[in-house]
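**Student:** below is the structure, and that's it, no one-letter string:
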């Protein structure tokens with residue numbers, strides 16, 4: 001049976017039937033946005049500038065690698081960024097939660113742990129990003145806050161908005177939920193400061209390329225070139241927003257895989273790594289943070305890095321200089 005999101009990227013009867021519901025969803029989005037813009041619902045402004053990195057579609061678009069790249073870029077430029085996120089998939093009893101490199105992804109979420117391991121920056125997660133940011137600022141001397149996702153979290157005032165777009169799937173059938181993948185009407189994309197396309201970029205967009213050239217053993221930390229796996233078949237797992245992107249990456253490198261997709265933020269267990277063969281297991285780094293405690297020497301993950309357009313880097317840092325005192 002197909003998942004609903006498999007109907008969002010082409011014209012089909014189900015999407016047509018759900019279109020009236022999508023119209024109602026768009027109306028609710030418009031009303032909510034109007035309430036914030038008119039001041040009826042209050043947006044909280046922090047004592048430091050806020051940069052939002054999000055998207056207007058549901059599902060993976062490459063946002064997490066961009067968050068990591070921009071935080072590292074800010075650090076290199078001499079800023080002291082703090083990071084906030086929803087902590088989706090985390091099962092903490094209380095929020096917000098501070099995130100460290102050794103935090104339990106089952107408590108704070110998988111993406112926050114991945115970001116913390118790469119950025120070594122103060123980070124807090126929680127459903128209320130305003131509260132999470134304020135707590136972070138109480139304990140750390142940050143001069144700018146980077147929000148992982150939250151483009152639609154209007155309770156938090158922002159200074160720079162960056163929307164990430166899947167360069168291949170784009171905006172699907174152009175319909176709002178549940179008939180299509182849009183969280184907001186397509187015209188919202190014209191309101192952000194930057195549009196970064198993961199892959200092919202259209203006019204007025206900046207391209208981003210995800211680079212993967214090595215694999216790391218989850219059990220012993222051994223590092224190998226990714227191309228070393230061309231000679232053998234592998235089991236491939238992906239519990240991300242768009243699993244096919246990971247499988248396409250393997251195919252691009254000439255690696256034949258037995259693909260096993262899982263839902264985004266899947267809570268992996270030992271049985272998920274059990275196969276009727278002895279082939280190596282390749283997975284994303286996001287999935288690896290949840291499998292580390294029970295992985296064996298068969299399990300490898302592929303880290304990716306975002307390569308950003310130099311024009312975007314220059315303009316982004318120019319905009320940051322204007323808002324950070």
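**Tutor:** Arrived safely. The structure presented is a predicted model; accordingly, all values stated were derived computationally and were not measured.
**Student:** only C-alpha atoms from now on, for both contacts and neighbour counts.
**Tutor:** Will do.
**Student:** how is the chain divided into domains?
**Tutor:** 13-209+307-323, 213-303 (automatic domain parsing).
**Student:** out of those domains, which is the most enclosed?
**Tutor:** Comparing those by mean neighbour count (mean count of other CA atoms under 10 Å), domain 13-209+307-323 ranks first with a mean of 19.
**Student:** end to end, how far does it reach?
**Tutor:** 47 Å (CA to CA, to the nearest Å).
**Student:** quick revisit: now the domains of the chain as JSON lines including distance to residue 6?
**Tutor:** Output for the domains of the chain, formatted as JSON lines (distance: least, CA to CA, whole Å):
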{"stretch": "domain 13-209+307-323", "distance to residue 6": "10"}
{"stretch": "domain 213-303", "distance to residue 6": "10"}
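**Student:** okay, these in a markdown table with mean pLDDT next?
**Tutor:** Shown next, in a markdown table, are the domains of the chain (pLDDT from 0 to 100):
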| stretch | mean pLDDT |
| --- | --- |
| domain 13-209+307-323 | 95 |
| domain 213-303 | 92 |
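**Student:** select, out of the ones you listed, the one closest to residue 7.
**Tutor:** Closest to residue 7 of the domains of the chain is domain 13-209+307-323 (CA to CA; 6.7 Å).
**Student:** chain center to that closest one, what's the gap?
**Tutor:** 8 Å (CA atoms, centre = their mean, to the nearest Å).
**Student:** show me the contact partners of stretch 134-144.
**Tutor:** Residues outside stretch 134-144 that contact it (CA atoms under 8 Å, 6 or more residues apart in numbering): 46, 48-51, 79-82, 96, 98, 122-124, 324-325.
**Student:** those residues: which two are farthest apart?
**Tutor:** Maximum distance among those (CA to CA): 26.8 Å, for 96 and 325.
**Student:** now do the phi/psi pair for residue 207.
**Tutor:** phi -80, psi 150 (degrees, to the nearest 10).
**Student:** please apply the same query to the one 4 residues further on.
**Tutor:** Backbone torsions of residue 211, given as degrees, to the nearest 10, read phi -100, psi 130.
**Student:** please apply the same query to residue 253.
**Tutor:** phi -90, psi 10.
**Student:** now do it against residue 70, distance only.
**Tutor:** Taken as CA to CA, the span from residue 253 to residue 70 is 27 Å.
**Student:** need the longest helix for this protein.
**Tutor:** When the chain is parsed with DSSP state H, its longest helix is helix 13-37.
**Student:** can you pull out the helices in the stretch 101-250 of the chain?
**Tutor:** For the stretch 101-250 of the chain, the helices defined by DSSP state H, counting those that start in this stretch occupy 105-108, 110-119, 129-139, 243-252.
**Student:** that older thread, give me the residues contacting the longest helix of the chain.
**Tutor:** Against helix 13-37 from outside (CA under 8 Å, 6+ apart): 7-8, 41-43, 154-155, 175-180, 184-185.
**Student:** how close does residue 129 sit to residue 202?
**Tutor:** For residue 129, the distance to residue 202 - CA to CA - is 31 Å.
**Student:** now residue 165
**Tutor:** Taking CA to CA as the measure, residue 165 falls 10 Å from residue 202.
**Student:** again, but for residue 188
**Tutor:** For residue 188, the distance to residue 202 (CA to CA) stands at 16 Å.
**Student:** these two touch, right, residue 295 and residue 217?
**Tutor:** No: the pair residue 295 / residue 217 is not scored as a contact, 9.3 Å apart, by CA atoms under 8 Å.
**Student:** ok but residue 297 is inside a helix, no?
**Tutor:** No: read with DSSP: H, G, I helix; E, B strand; the rest coil, residue 297 is coil and lies in no helix.
**Student:** please name the residues that touch it.
**Tutor:** Here residue 297 is in contact with 217-220 (criterion: CA under 8 Å, 6+ apart).
**Student:** repeat the analysis, applying 7 Å as the threshold.
**Tutor:** Under the criterion of CA atoms under 7 Å, 6 or more residues apart in numbering, the neighbours of residue 297 are 217, 219-220.
**Student:** repeat that for residue 150.
**Tutor:** 52, 54.
**Student:** now do 10 Å
**Tutor:** Residues near residue 150 by CA atoms under 10 Å, 6 or more residues apart in numbering: 51-56, 84-86, 129, 156, 158, 161.
**Student:** please apply the same query to residue 317.
**Tutor:** Residue 317 neighbours (CA under 10 Å, 6+ apart): 70, 73-74, 77.
**Student:** so how far is residue 70 from it?
**Tutor:** Separation of residue 317 from residue 70 (CA to CA) stands at 10 Å.
**Student:** same question, residue 119
**Tutor:** Distance from residue 119 to residue 70, by CA to CA: 10 Å.
**Student:** intersection of neighbour lists for those two?
**Tutor:** residue 81.
**Student:** you'd agree residue 301 is up against residue 250?
**Tutor:** No: here residue 301 lies out of contact with residue 250, judged by CA atoms under 10 Å, at a distance of 11.7 Å.
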